[in-house]
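Novice: return atomic coordinates for the entry below.
(2 chains)
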2 protein chains.
Amino acid sequence: MRDISHASRITSRLLHPRRQPIITGMSENRIPTLHDVLAARPHVYRHLQPTPLINYPTLSQLVSAETWIKHENHQPVGAFKVRGGLVLAAHLTEAERQAGLFTASTGNHGQSIAFAARAHGIRATIAVPEGANPGKVAAMRGLGAEVVFHGPDFDTAREWIMGVAEERHGRFVGPTEEILIHGVGTYALEILEELPDVDVIIVPVGAGSGACATSIVAKTINPNIEVIGVQSEAAPAMQLSWASGALVTAEMNTFAEGIATRVPFANTQRIMHRYLDDFILVSEEAIKEAIRLHLTHSHSLAEGAGAASLAAALHLRERLAGKKVALVLSGGNLAVEKLAMILG
Amino acid sequence: MRDISHASRITSRLLHPRRQPIITGMSENRIPTLHDVLAARPHVYRHLQPTPLINYPTLSQLVSAETWIKHENHQPVGAFKVRGGLVLAAHLTEAERQAGLFTASTGNHGQSIAFAARAHGIRATIAVPEGANPGKVAAMRGLGAEVVFHGPDFDTAREWIMGVAEERHGRFVGPTEEILIHGVGTYALEILEELPDVDVIIVPVGAGSGACATSIVAKTINPNIEVIGVQSEAAPAMQLSWASGALVTAEMNTFAEGIATRVPFANTQRIMHRYLDDFILVSEEAIKEAIRLHLTHSHSLAEGAGAASLAAALHLRERLAGKKVALVLSGGNLAVEKLAMILG
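Specialist: I've put the predicted structure just below:
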């Protein structure tokens, strides 16, 4: 099993050799570096503590590998993205600070921007589609953000708020900006500091900032560390794009909104193409089972995206046997209604 | 409302003035001090990180007070007790180290002793009744403990293992030993360090080590800090004992095993009688609702005991209005089946 997986990885590299810019539409920007992540650290640790990296023996038994959970679900807003938001907010011009941050999000990104804006004493304006989850709206408002309902869907809300930001000379924040990756990389560095002999890190992929940041940090420090991305079979756009070397739009039917990407992001694909070792898909049922396992073994509420790394580890059990494996539990914002359905 | 509660507190003090040893059967041992807690810190932090204390704005809105959650559910074994186990293990004689630790537990206490024994390279032998929860047995075994099934109920298992410990010259660990309180107090000190102007701390009471440790630390540093204990109406033995000044055995029908005490503990009653400001009861339904609220607002899986502090804060909403309140989320070991029932 291990050999087969390894062979398929080599094949995919031969078909799509790294370091060649074969993805069309990609940005010409430089790729973030470990140095960028180091420079981001003071901005992160001014407002956040490092999150725990914990080995749970019963999870290790299930995976047949020494299994460590990186608890980004323990962040104050329940997800890793807040690290990026804090770094972005720290680098605004005075004019941008005056106008504030603008974004569109119904999930972790919005809460992160709201948290970062509050930490920096500036205003966040967040557009959400009409009918957005009231709990998440309340969370963003609780953090002091102005939440504006606009339009029937996410894209309408986003386009509208981009216009508003431009009009007011404010800063619109997209989901994969490179400065966000600088901040997100601090969790990867925490893993490497606490577990320098880690063999494999598995990271869920939504827009890709976590996978980019983790692979940049890990590969720069030790190219032998294997970094593996994971997405749901029910929303495979980023995985299909990575595997084919082209930007592939795909169906998006996963319950796990943190890894629900329909249109791939070119800039994160470019980085993942260069640094990521493998990228696998897991079933919706496997993600749900991983949520149940986290409740029992890591005492954690994991959202679908956050649990996907454990689902991937169980899927890759034979390949991981005997290794030291770190699984990024990227977030814990799972609606109670969804949890009830998963347990029901 | 606030005035009424306050009046009832004063009444209970008049009936049962503090500092008088009115509880029969209590130990003559000295009461642990802040100094003991300070001395315990190195033993705790050699193996654990401080846990986060996080303000969730939406919880603050619900409680009408600035509400901070002390996340003892983020401990590697999912509960605060591990702090005490580490301090106890650090003070064994060489003969005790050779024979190892012995205890009886199906829950957080057993996992804590197993964790502490592993951290100190010694053996833990833990007795559980036949039919004990397989998941919890697996967790203790995963931490390297020897788990022995003995007898039909907890008391039989405990009496048996006490005999075994004596025979082998090992150290039997009871649930309320004072050295455990020294270790547990480190979480209270973390609260005071991070939030020195806290007005009220609410702590769930099972055997009482958390409430004792918290009230000793808080009252020594600032007697104006109010420390309030909470138990379930369905298992009120510790609360009835505290309120009456006698050791009162009571029914024990709560689903929340961490605060399920049928026979009160004299030594913790003695300390609580001196230091605790108030001790309230909440309904089983209120605890379940608090579990649901934690899932949404603090991204946390709280066990019943852990959620009881939030249930208490909501119950005391008017009395807490406008204050800074810290709620001890003591643990997150809630069986998936129980969670499913609570959400179902």
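Novice: close to chain B: what parts of the stretch 101-250 of chain A are there?
Specialist: The interface of the stretch 101-250 of chain A toward chain B, taken as Cβ under 8 Å from any Cβ of the partner chain, is made up of A:Gly135, A:Ala138, A:Ala139, A:Gly142, A:Leu143, A:Gly144. (Each C-beta comes from the backbone N, C-alpha and C, glycine too.)
Novice: out of those, which comes closest to B:Pro50?
Specialist: B:Pro50 has its nearest neighbour among these in A:Leu143, at 23.6 Å by Cβ to Cβ.
Novice: ok, that closest one - contacts?
Specialist: A:Val77, A:Gln111, A:Ala114, A:Phe115, A:Ala117, A:Arg118, A:Ala124, B:Pro57 (Cβ atoms under 8 Å, 6 or more residues apart in numbering or on different chains).
Novice: count of neighbours near the closest residue in space to A:Arg158 that isn't next to it in sequence?
Specialist: Excluding the flanking residues, the one nearest A:Arg158 by Cβ to Cβ, 6 or more residues apart in numbering or on different chains is A:Ala104, at 3.7 Å. By other Cβ atoms under 10 Å in any protein chain shown, 28 other residues sit near A:Ala104.
Novice: A:Ala104 pairs with what?
Specialist: In this entry, A:Ala104 is beta-bridged to A:Ala127, by DSSP bridges.
Novice: in this structure it contacts A:Ala127, no?
Specialist: Yes. Assessed by Cβ atoms under 8 Å, A:Ala104 is found in contact with A:Ala127 at 4.3 Å.
Novice: and for those two, which residues touch both?
Specialist: Going by Cβ under 8 Å, 6+ apart, residues that sit against A:Ala104 and also against A:Ala127 are A:Ala157, A:Arg158, A:Trp160, A:Ile161.
Novice: tell me which entries of these lie within helices.
Specialist: Taking DSSP state H, the ones among the shared contacts of A:Ala104 and A:Ala127 that sit in helices are A:Ala157, A:Arg158, A:Trp160, A:Ile161.
Novice: list only buried entries from those.
Specialist: A:Ala157, A:Arg158, A:Ile161 (16 or more other Cβ atoms under 10 Å in any protein chain shown).
Novice: read off the pLDDT value for the closest residue to the last one other than its chain neighbours.
Specialist: The one in question is A:Ile161. In space, and not counting its chain neighbours, A:Ile161 is closest to A:Ala127: 3.7 Å by Cβ to Cβ, 6+ apart. For A:Ala127, the pLDDT comes out at 96.
Novice: and if you look at A:Pro17?
Specialist: 38.
Novice: can you check the one 4 residues further on too?
Specialist: According to the prediction, A:Pro21 has pLDDT 39.
Novice: any idea what A:Phe279 is bridged to?
Specialist: Under DSSP bridges, the beta-bridge partners of A:Phe279 are A:Gly229.
Novice: quick one: low-confidence parts of the stretch 1-150 of chain A?
Specialist: Along the stretch 1-150 of chain A, the model assigns pLDDT under 70 to residues A:1-29.
Novice: ok, 90 please
Specialist: A:1-30, A:106-108, A:131-136 (pLDDT under 90).
Novice: please enumerate the helices of it.
Specialist: In order along the chain, the stretch 1-150 of chain A carries the following helices (DSSP state H, counting those that start in this stretch): A:2-15, A:34-45, A:57-63, A:82-90, A:94-99, A:108-119, A:134-142.
Novice: dump the longest helix anywhere in chain A to CSV, restricted to CA.
Specialist: Ordering each helix of chain A by length in residues (DSSP H) puts helix A:178-194 first. Output in CSV follows, covering the C-alpha atoms of helix A:178-194 (Å, rounded to 0.1, in the frame of the first residue of the first chain):
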residue,chain,number,x,y,z
GLU,A,178,-0.3,36.2,0.7
ILE,A,179,0.0,38.3,3.8
LEU,A,180,-2.6,36.0,5.4
ILE,A,181,-0.3,33.0,4.6
HIS,A,182,2.5,34.7,6.5
GLY,A,183,0.4,34.7,9.6
VAL,A,184,-1.1,31.3,9.1
GLY,A,185,2.4,29.8,8.8
THR,A,186,3.0,30.5,12.5
TYR,A,187,1.0,27.4,13.4
ALA,A,188,3.2,25.3,11.1
LEU,A,189,6.2,26.7,12.8
GLU,A,190,4.7,25.9,16.2
ILE,A,191,4.4,22.2,15.0
LEU,A,192,8.0,22.1,13.9
GLU,A,193,9.3,23.7,17.1
GLU,A,194,7.4,21.3,19.3
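Novice: give me the buried positions along stretch A:150-159.
Specialist: Result for stretch A:150-159 [16+ other Cβ under 10 Å]: buried residues A:His150, A:Gly151, A:Phe154, A:Ala157, A:Arg158.
Novice: actually stretch A:229-244, not the one I wrote
Specialist: Buried-residue list, stretch A:229-244, by 16+ other Cβ under 10 Å: A:229-243.
Novice: can you read off the pLDDT for the spatially most central residue of chain A?
Specialist: By Cα atoms, centre = their mean, chain A has its centre lying nearest to A:Gly210, at 3.9 Å. A:Gly210 is assigned 98 on the pLDDT scale.
Novice: how far off centre is whichever helix or strand it is part of?
Specialist: Per DSSP states H and E, A:Gly210 falls inside helix A:209-221. Chain-centre distance of helix A:209-221: 12 Å, with Cα atoms, centre = their mean, to the nearest Å.
Novice: pull the residues that contact that helix.
Specialist: So helix A:209-221 is in contact with A:31-34, A:37, A:80-81, A:84, A:175-176, A:180-182, A:184-185, A:187-189, A:191-192, A:198, A:201, A:203-205, A:225, A:227, A:229, A:268, A:271-272, A:275-277, A:279, A:328, A:330, going by Cβ under 8 Å, 6+ apart.
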